[in-house]
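Participant: need coordinates for the following:
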Amino acid sequence: MWKIIGTGITQAFNQRTIFRKLSFEIKSGESLVLVGPNGSGKTTLIRIVCNLLHPIEGKVEFYYGNETKMAGQLYSSIGMVGPYLQLYNNLTAFENYAFFRKIRGLNVDHGHFKILMKKFGLAGREFDELRTYSSGMLQRMKYVCALLHSPPILILDEPVSNLDESGERIIYDVMEEQKRSNILIFATNNPEEIKFGDKKIRLAV
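Facilitator: Numbers count the residues shown, from 1 in each chain. So this is what the prediction gives:
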């Protein structure tokens, strides 16, 4: 079982405190939603949890069973989708898959990639460059890359950004499935999505 514990997390930019002394705990089979107005620090907290940004105070610790996991050990255990996560638009979907597979050291076969492409409505576009994809298709492709390794920890920032109704339904199914036995952390202000959170952190400007 995985567990993530955030303790006393404080962040500030240009002498302006974004949030102060935030703490949380979440384990496998639970979900955590971050809500708050624009500028309240939802994305900043997401980036801290993903170890893309270091807080000025506090820490985020990861445990698998009784074993502490260091930042360098987490790459193969976290899947992430967010507006700032960019794919390689001059590469095909398959080439993006092959790249992420290699840098993560994943033992994922091509059949799994094809299953995910079909699941997210991208079957038949495997060998098209991503620059030919619409914004909604790119968002779907981010999920393909994030879920290649069936991550026990899935972190989402604005989960259904740029998606149509059919795309939203696919993502909501993914979120529901993830929270059953794994960890789901996501940031949103969409009432349809907030209900997926078992625990909540409300941030304020």
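Participant: skipping its backbone neighbours, what lies nearest residue 19 in space?
Facilitator: Distances taken as CB to CB, 6 or more residues apart in numbering place residue 41 nearest to residue 19, at 4.8 Å, with adjacent residues excluded. All C-beta spots, glycine's among them, are computed from the backbone N, C-alpha and C.
Participant: if you could redo that for residue 75, that was the one I meant.
Facilitator: Spatial nearest neighbour of residue 75, chain neighbours left out: residue 104 (6.0 Å); criterion: CB to CB, 6+ apart.
Participant: which residues touch the one you found?
Facilitator: Residues near residue 104 by CB atoms under 8 Å, 6 or more residues apart in numbering: 75, 76, 148, 149.
Participant: please apply the same query to residue 40.
Facilitator: For residue 40, the contacting residues are 18, 19, 203, 204, 205, by CB under 8 Å, 6+ apart.
Participant: beta partners for the second one?
Facilitator: In this structure, residue 19 has beta-bridge partners residue 11, where bridges are defined by DSSP bridges.
Participant: that older thread, I'd like the contacts of residue 104 as CSV, with secondary structure and neighbour count appended.
Facilitator: CSV is the format used below for these (DSSP: H, G, I helix; E, B strand; the rest coil; neighbours: other CB atoms under 10 Å):
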residue, secondary structure, neighbour count
75, coil, 14
76, coil, 12
148, coil, 18
149, coil, 20
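Participant: mind listing what's buried along the helix or strand of the chain with the lowest mean pLDDT?
Facilitator: The weakest-scoring helix or strand in the chain, judged by mean pLDDT, DSSP states H and E, is helix 93-104 (a mean of 89). Within helix 93-104, the residues scored as buried using 16 or more other CB atoms under 10 Å are 93, 94, 96, 97, 100, 101, 104.
Participant: what's the helix or strand following that helix packed up against?
Facilitator: Note on helix 93-104: by DSSP states H and E, the next helix or strand toward the C-terminus is helix 110-119. Using 3 or more CB pairs under 8 Å, 6 or more residues apart in numbering; DSSP states H and E as the contact test, the elements touching helix 110-119 are helix 93-104, helix 135-146.
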